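Q: Here is my input; please provide its structure:
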Amino acid sequence: MSSKPNFLIKWPAFLWCLKIFTYSAILTALLALASYAIMTMLAEPVTINETIDRAASAATSKVQRGAVYVGITWSVFLFNSLAALTASAGTALFVYLNRYLLKDITSRRQHHNYAKISIAMERGLYPIYRVLEWPAERFFGFRSINTQTAENSVWNYTGYSRYHFQLLTAIVPFSVPLLVAAANGAILGMLFAFHLFNGAFSGYHLAGINGIVGGVVYNVTFFISAILPHGIIEIPVILVSTSIGYVIADSNCRLVRDKHLFVSDNIADLEADIATEERNTGTILFSPLFWKIYLLFVLLLLITAFIETEVTPDIITRALSIVEPFVSSLLNS
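A: Okay, the predicted model is just below:
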């Protein structure tokens, strides 16, 4: 069952990515705040400030390095465009890697020592294969299949069963949209925790309890005004591109499950299954609509990069000028 290109953007897929993004942002923010609180009780203020600054800088370090070579606007644009491409087209790479995995398995017939080492290593990962069974059967509708092998079966040269190979090919591609959505959420959560805690921490040392409120208001205003102008476009673009990656992974998963791929002992049948997988994925990945959508993403990300570097600083200044009288009154009371 292949997904047609005109159904690349699906609302359930977008909601799935939005949930991962949101959960990751909240969890990261809570963990960061808890870490900062523990450090407050155990470390000196200077050490805490240095740790917080390093954590925040780590989230944006790649953009800062790129800015040295191409300027900040183009650096932001290039990294965001790469993230959008990775989130969508990157998912398909796992499908195309299966052909090399199968070649590796078949080559073990001629290299017995290599086969023994590979099988031993794969058997050591058996708990991971078992972990895959629960989401595959609970959420994706897979059912355990006969894992007995014939004497000349290709599966005799692996440390896992044909069922686990089937699950790997079906489930692993979901890791790309999962990681991209979670990583972007984590960055947002980390930056929010940094501004929230740093504002409260600095405000308390300046003016006690009143300073906490003033510091939080000032830093949260800075955070919102620094994220919202470009984020209102950038975040949906990243999430939609991630949801396309989910659609590619879901299409492949349904194909493997519904067509009962990778259950044969014969290498020729398995090669045919991989060809079926690649044709299904290629229908999406090489469709004109996919690249038209990505081109639209690129144009939108170019606009957001310009907003972030050229417009946002002025918005930050204006937003802070609005709250500064209120913050000053708290710090001086």
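Q: switch to C-alpha atoms for all contacts and neighbour counts from now on
A: Noted.
Q: The residue minimising distance to the centre of the chain sits in which helix or strand?
A: Central residue check for the chain by C-alpha atoms, centre = their mean: the C-alpha nearest the mean position is that of residue 180, 1.3 Å away. According to DSSP states H and E, residue 180 maps onto helix 175-258.
Q: Kindly report the same for residue 300.
A: Secondary-structure element containing residue 300, defined by DSSP H and E: helix 288-306.
Q: Could you check the next helix or strand after that helix and say which residues are buried?
A: Read in the C-terminal direction, the helix or strand following helix 288-306 is helix 312-332, with elements assigned using DSSP H and E. Taking 16 or more other C-alpha atoms under 10 Å as the neighbour-count basis, helix 312-332 is seen to contain the buried residues 312, 315, 316, 319, 320, 327, 330, 331.
Q: So what's the model's average confidence on helix 312-332?
A: Rounded to a whole number, the mean pLDDT of helix 312-332 is 89.
Q: Tell me how far that helix lies from the chain's centre.
A: Centroid separation for helix 312-332 versus its chain: 34 Å, with C-alpha atoms, centre = their mean, to the nearest Å.
Q: just stretch 122-133 next, same as before
A: 23 Å.
Q: Identify each buried residue in it, please.
A: Using 16+ other C-alpha under 10 Å as the burial criterion, the residues of stretch 122-133 that qualify are 123, 129, 133.
Q: Is the closest residue to the second one other than its chain neighbours part of a helix or strand, or is it coil?
A: Beyond its immediate neighbours in the sequence, the residue positioned closest to residue 129 (C-alpha to C-alpha, 6 or more residues apart in numbering) is residue 164, lying 6.0 Å away. Reduced to three states with DSSP: H, G, I helix; E, B strand; the rest coil, the structure at residue 164 is helix.
Q: Could you do residue 148 as well?
A: Counting by three-state DSSP, the backbone at residue 148 sits in coil.
Q: Tally up the residues packed near it, please.
A: The local packing of residue 148 (other C-alpha atoms under 10 Å) involves 12 other residues.
Q: tell me the pLDDT at it?
A: Residue 148 is assigned a predicted lDDT (pLDDT) of 80.
Q: gap between residue 192 and residue 218?
A: 13 Å (C-alpha to C-alpha, to the nearest Å).
Q: no wait, residue 165
A: When C-alpha to C-alpha is applied, the distance between residue 165 and residue 218 equals 53 Å.
Q: More neighbours: which of the two?
A: The residue with the greater number of neighbours, taking residue 165 and residue 218 and applying other C-alpha under 10 Å, is residue 218; the counts read 25 against 18.
Q: from what I can see the more buried one touches residue 322, true?
A: No - between residue 218 and residue 322 no contact is recorded; they are 9.9 Å apart, counting by C-alpha atoms under 8 Å.
Q: quick one on the thing from earlier: for the residue nearest to the centre of the chain, what are its contacts?
A: 83, 87, 242 (C-alpha atoms under 8 Å, 6 or more residues apart in numbering).
Q: Make TSV out of these and add distance to residue 7 and pLDDT.
A: Listed next are the contacts of residue 180 as TSV, based on distance: C-alpha to C-alpha, whole Å; pLDDT from 0 to 100:
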residue	distance to residue 7	pLDDT
83	21	88
87	17	89
242	14	96
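Q: ok, and the most crowded of those?
A: Going through those with other C-alpha under 10 Å as the criterion, the one with the most neighbours is residue 242, at 33 neighbours.
Q: what's that one in contact with, if anything?
A: Taking C-alpha under 8 Å, 6+ apart, one finds 14, 17, 84, 87, 88, 177, 180, 181 in contact with residue 242.
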